[in-house]
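Engineer: Sequence and predicted model, in that order:
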Amino acid sequence: MNLKALWIAALSALCLPLSALAATAVQLEILDRKTGEVLPVYWHDGERYVAGEPRREYEIRLRNQGDGRMLAVTSVDGINVITGKTAATLGSGYVLDPWCLVDIDGWRKSMEQVASFYFTALPDSYAARTGRPDNVGVIGVALFRERVRVTALEKDERSNSATPAPSAEASARQKDSDMNSGLKSREERLGTGHGRRLDSGAVYTEFERASDQPDEVIRIYYDSRKNLVARGIIPRPKYRVAEHLPDPFPNGFVPDP
């Protein structure tokens, strides 16, 4: 499938020799825009979670750890971050050059600007405000390798020497059935808002997917720290610090002022 995909031109210089880290095709991280720190990941039942702080802006960092271009179709709360449409794996995405990283810092409004991502209460989320609150609380990236065109001679050589490889169909695990357990109401969940405008240039580039099925789908769920603790995803502190209460009789006599 051939399409015009977006390439973030402003970050084209961030190409690093990271072959030693190439355990997966693309590394996904969530960063706090104010501090620049990567949010810690908590593993629970084979899924990844991060704790967001309401009103704090964040960005999605994707690092290509391979020597071929990748297409990253990215969604937040079930919505494509480029088009604003309900996300599908064959939707629009960003192209990652080999060994490069890009920061996706908002909902794309034009080729020059985005509206920043920020953590917020569910009713204020972009998904809820556009009538699509059902998938609030997850960031997803569907990854596609680029189709490599070969000559007729190369095709013949491959057919004679190569053995068929199993298809790399990505399987998406269903979200935990108890996603909302322990919460008083849906409104207490955290979502992603449609924030202030940020400069973030992009250009179109050609990209042909090797397959209509993604090579990999990466998911990171998010919610407030309070909710993740209540659901047992973030462990509770082992020791409770006793609240300090003032002592009405700290001394036996009245000291001089």
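Structural biologist: Everything's here; your move. Numbers count the residues shown, from 1 in each chain.
Engineer: Ile30 contacts Ala51, correct?
Structural biologist: No - the pair Ile30 and Ala51 fails to qualify as a contact (CB atoms under 8 Å) at a distance of 10.0 Å. C-beta: built from backbone N, CA, C; applies to glycine.
Engineer: For Tyr222, give me its contacts.
Structural biologist: Counting by CB atoms under 8 Å, 6 or more residues apart in numbering, Tyr222 touches 30, 49-52, 119, 137-139, 190.
Engineer: do Arg236 as well
Structural biologist: Going by CB under 8 Å, 6+ apart, Arg236 touches Val229.
Engineer: Which helix or strand contains it?
Structural biologist: Following DSSP states H and E, there is no helix or strand that holds Arg236.
Engineer: and it, how far is that from Gly137?
Structural biologist: Taking CB to CB, to the nearest Å as the criterion, Arg236 is separated from Gly137 by 21 Å.
Engineer: ChimeraX command to pick out the buried ones of the contacts of Tyr222?
Structural biologist: Command for ChimeraX that selects the buried part of the contacts of Tyr222, burial taken from 16 or more other CB atoms under 10 Å:
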select :30,49,50,51,52,119,137,138,139,190
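Engineer: List just the nearest of the contacts of Tyr222 to Ser125.
Structural biologist: The shortest gap between Ser125 and any of the contacts of Tyr222 belongs to Leu190, at 8.2 Å (CB to CB).
Engineer: ok, Arg219 to Thr83 distance?
Structural biologist: Per CB to CB, Arg219 is found 20 Å from Thr83.
Engineer: Name the next helix or strand following the lowest-mean-pLDDT helix or strand in the chain along the chain.
Structural biologist: Ranked by mean pLDDT, DSSP states H and E, the weakest helix or strand in the chain is helix 152-161, scoring a mean of 49. If you walk from helix 152-161 toward the C-terminus, the next helix or strand you reach (DSSP H and E) is strand 190-199.
Engineer: I am finished for the moment; much appreciated.
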